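S.K.: Sequence and computational prediction follow.
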Amino acid sequence: MYYANTPEYRTWRAEGLRWIAGLLQDAADSIERSQSAHYLADERAPEYKPVEEFLYDARFRVQNGY
């Protein structure tokens, strides 16, 4: 029997995608909190980084568990 079109499979897949989205949201919140902890309240964080530096920073965070 082919399970891809059953309602249970679709529900299971949707819940899995929501779970993954939740993990990504939690990771983004964690990064945001750690970024704001590095700057004083009156000091602004840099708005933009060059692309290479941003990619290096993202790769470093993923490899080291954020």
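M.R.: Yep, that arrived. All values reported here derive from a predicted model rather than from experimental measurement. Residues are numbered from 1 along each chain as shown.
S.K.: biggest helix in this protein, by residue count?
M.R.: In the chain, assigned by DSSP state H, the helix with the most residues is helix 7-37.
S.K.: avg pLDDT for that one?
M.R.: Average pLDDT, helix 7-37: 86.
S.K.: for the helix or strand just after it, what is the average pLDDT?
M.R.: Sequence order places helix 51-63 as the next helix or strand after helix 7-37, per DSSP states H and E. Across helix 51-63, the average pLDDT comes to 81.
S.K.: Now do helix 51-63 and helix 7-37, the angle between them.
M.R.: 110 degrees (axes from the mean of the first three to the mean of the last three Cα atoms, to 10 degrees).
S.K.: can you pull the buried residues of helix 51-63?
M.R.: By neighbour count with 16 or more other Cβ atoms under 10 Å, helix 51-63 contains no buried residues. Glycine gets a C-beta too; all of them are placed from N, C-alpha and C.
S.K.: That helix: how far from the chain's middle?
M.R.: Centroid separation for helix 51-63 versus its chain: 13 Å, with Cα atoms, centre = their mean, to the nearest Å.
S.K.: Can you show me the CA trace of it as CSV?
M.R.: In CSV, the C-alpha atoms belonging to helix 51-63 read as follows (Å, rounded to 0.1, in the frame of the first residue of the first chain):
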residue,chain,number,x,y,z
VAL,A,51,28.8,38.6,2.7
GLU,A,52,32.0,36.5,3.2
GLU,A,53,32.2,37.5,6.9
PHE,A,54,28.5,36.7,7.4
LEU,A,55,28.9,33.3,5.9
TYR,A,56,32.0,32.6,7.9
ASP,A,57,30.3,33.7,11.1
ALA,A,58,27.2,31.5,10.3
ARG,A,59,29.4,28.5,9.5
PHE,A,60,31.4,29.0,12.7
ARG,A,61,28.2,29.2,14.8
VAL,A,62,26.7,26.0,13.3
GLN,A,63,29.9,24.0,13.8
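S.K.: Packing partners of it?
M.R.: On a contact count with 3 or more Cβ pairs under 8 Å, 6 or more residues apart in numbering; DSSP states H and E, helix 51-63 meets no helix or strand.
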